[in-house]
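S.K.: Fold the following.
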Amino acid sequence: MRLRNAVLPFLLLPGASALFAADQLDTSIAKLRMGTLVIQAAAGAKVSVEQVRHEFWFGATLPTGVFTARTSPEDIAKFKEIFTSHFNAAVIEGAFKWHEMEPARGQVNYAVVDRMLAWADQQGIPVRGHCIFWGVPNRVQDWVKSLNDDELRLTMQQRARAIGARYRDRFAEYDLNNEMIHANYYEQRLGPEFIKQMALWVKDGDANAKLFVNDYDILTGKRLDDYVKHIRGLLDMGTPIAGIGVQGHLHGDTFDAAALQSALDELAKFNLPIRVTEFNFPGQRSKYYTGDRKAQLTPEEERAKADNLQQYFRICFAHPAVTGIMMWGFWEGANWIPQSSLYKRDWTPTPAAEAYRDLVMKQWWTRWTGAAGADGKVTLRAFYGRHRVTVNGKEILVDLRKTDGTKRVTVE
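M.R.: The predicted structure follows:
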């Protein structure tokens, strides 16, 4: 299988050193994201291979409105249709956050999260639990702040254990305590060792829980050193951190590709999986967020948005430590930065939607048709993930995992 040439030329950004050319990134992608599929069949058998799903996470948010009565039935149906055809992983946008789940003490609303998980389970879509705690003070409920230290400790223990037990083995991973390098009310109240205790309480409820840190302004390079120091401190105290989340909204109308590459390289030294957890383009420092929130992109800006999205995704997909990219909204009807959407409010695709599909479902998608050789064997390079293998009309599903490298199947 030959990868198509990328759209973007060799790129230099202001203040940045020379970056990899697009074809160099494609070479890295082919090396890191593809394995070998060996199919044994009858000599001369007609064989086809069609990818069904990536192993790498290409995901997006599940917004509350789509799983409540706040969105029309027509839009709900369209949202779910687009989601399942474009994405293979999900993150709960708001309904799982403590201040939304329990705005008043003792009044816990699990219903929306339960509906999201039930739907995702039906689709075979893994879900991130975002987030168990969020220590930025304006995200901490007033009733929580009113507790004395002993009550606060007990209440957080109950929250952590209850989440772990109720959703045992349901969430693929969790953000433990969101945006700790920016503010951490709980640490200020109860001390730095308390973060480890929070993690251990979650694991009391679910021993298999995978707990991530998650923060912003890391991939821009602005808070990278702080994040490295923070993660090292958590690991040194024995906090069971399973992965590193890095939000992707803090760039502007463009992004610094050199800073993105450098940040990923630095974080990779921890030998933990990296998820780009919250991606928007244009981002939070763009004129569409800091200025006129209702401004529309010109056709030229839409094209630039598409090109930037492709480059950002290509850099991340080519990096060995990155395991997924989660879009923080893909439809204008449910996106905090509407201009960053793939689809307009009426579901018209933007050039960015076409660019996304071109990468994820064309350039990075296994499709092959041919015949088995005289020895009955077909050997081909394929992207890691699930594939439908058809031999003389007989179909089987085959999972080619990165841990496998090579997968051998026999279809008689």
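S.K.: check which helix or strand covers Pro282.
M.R.: Taking DSSP states H and E as the definition, Pro282 sits outside all helices and strands.
S.K.: Go ahead and confirm it touches Pro338.
M.R.: No: here Pro282 does not reach Pro338: they are 10.4 Å apart, not a contact under C-beta atoms under 8 Å. The C-beta positions use only the backbone N, C-alpha and C, and glycine is treated the same way.
S.K.: Neighbour count: these two, which is higher?
M.R.: Pro282 (23 against 20; other C-beta atoms under 10 Å).
S.K.: so what's the more buried one up against?
M.R.: By C-beta atoms under 8 Å, 6 or more residues apart in numbering, the contact list for Pro282 reads 251-253, 288-289, 297, 305, 337, 339-340.
S.K.: Could you tell me how far it is located from His319?
M.R.: Distance of Pro282 to His319, computed by C-beta to C-beta, to the nearest Å: 22 Å.
S.K.: Below-threshold pLDDT in the chain: ranges please.
M.R.: Along the chain, segments meeting pLDDT under 70 span 1-20.
S.K.: what comes up buried for stretch 350-368?
M.R.: 350-353, 355-360, 363-366, 368 (16 or more other C-beta atoms under 10 Å).
S.K.: Out of those, flag the one nearest to Ala165.
M.R.: Val360 (35.7 Å; C-beta to C-beta).
S.K.: The closest one contacts Phe58, doesn't it?
M.R.: Yes: with contact defined as C-beta under 8 Å, Val360 counts as touching Phe58 (5.3 Å).
S.K.: Can you show me the helices along the stretch 151-300 of the chain?
M.R.: Counting by DSSP state H, counting those that start in this stretch, one finds helices in the stretch 151-300 of the chain at the ranges 185-190, 194-205, 224-236, 257-267, 287-290, 299-317.
S.K.: Just want the most central residue of this protein.
M.R.: Met326 (2.8 Å; C-alpha atoms, centre = their mean).
S.K.: what about that residue, which helix or strand?
M.R.: Under the assignment here (DSSP H and E), Met326 is part of strand 322-327.
S.K.: which helices and strands does the longest strand along the chain pack with?
M.R.: If you go by DSSP state E, the chain has its longest strand at strand 46-54. Here strand 46-54 touches strand 34-40, strand 367-371, strand 377-383, strand 385-391, going by 3 or more C-beta pairs under 8 Å, 6 or more residues apart in numbering; DSSP states H and E.
S.K.: With neighbour count as new columns, can the contacts of Pro282 be given to me in a markdown table?
M.R.: Listed next are the contacts of Pro282 as a markdown table, based on neighbours: other C-beta atoms under 10 Å:
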| residue | neighbour count |
| --- | --- |
| His251 | 23 |
| Gly252 | 17 |
| Asp253 | 18 |
| Tyr288 | 23 |
| Tyr289 | 21 |
| Leu297 | 18 |
| Lys305 | 24 |
| Ile337 | 19 |
| Gln339 | 23 |
| Ser340 | 27 |
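S.K.: And those residues, which is closest to Asn178?
M.R.: Ile337 (18.2 Å).
S.K.: How about the contacts made by the residue lying closest to that closest one once chain neighbours are set aside?
M.R.: Counting by C-beta to C-beta, 6 or more residues apart in numbering, Asn280 is the residue found nearest to Ile337 once chain neighbours are left out, at 4.7 Å. By C-beta under 8 Å, 6+ apart, the contact list for Asn280 reads 248-249, 327-329, 335-337, 340.
S.K.: And these, which is closest to Ala104?
M.R.: Of all these, Ala104 sits closest to Trp336, with 24.6 Å by C-beta to C-beta.
S.K.: ok, back up a step: dump the helices of the stretch 151-300 of the chain to JSON lines, plus distance to Val47.
M.R.: Shown next, in JSON lines, are those (distance: least, C-beta to C-beta, whole Å):
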{"stretch": "helix 185-190", "distance to Val47": "56"}
{"stretch": "helix 194-205", "distance to Val47": "46"}
{"stretch": "helix 224-236", "distance to Val47": "46"}
{"stretch": "helix 257-267", "distance to Val47": "37"}
{"stretch": "helix 287-290", "distance to Val47": "48"}
{"stretch": "helix 299-317", "distance to Val47": "27"}
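S.K.: And those helices: which comes nearest Gln51?
M.R.: Short answer: helix 299-317, nearest of these by C-beta to C-beta, at 14.6 Å.
S.K.: ok, of the contacts of Asn280, which come out buried?
M.R.: 248-249, 327-329, 335-337, 340.
S.K.: Looking at these, spot the one nearest Val140.
M.R.: Distances from Val140 to these, taken by C-beta to C-beta, are shortest for Trp336, at 20.3 Å.
S.K.: how much space between the closest one and Tyr288?
M.R.: On the measure of C-beta to C-beta, Trp336 and Tyr288 end up 11 Å apart.
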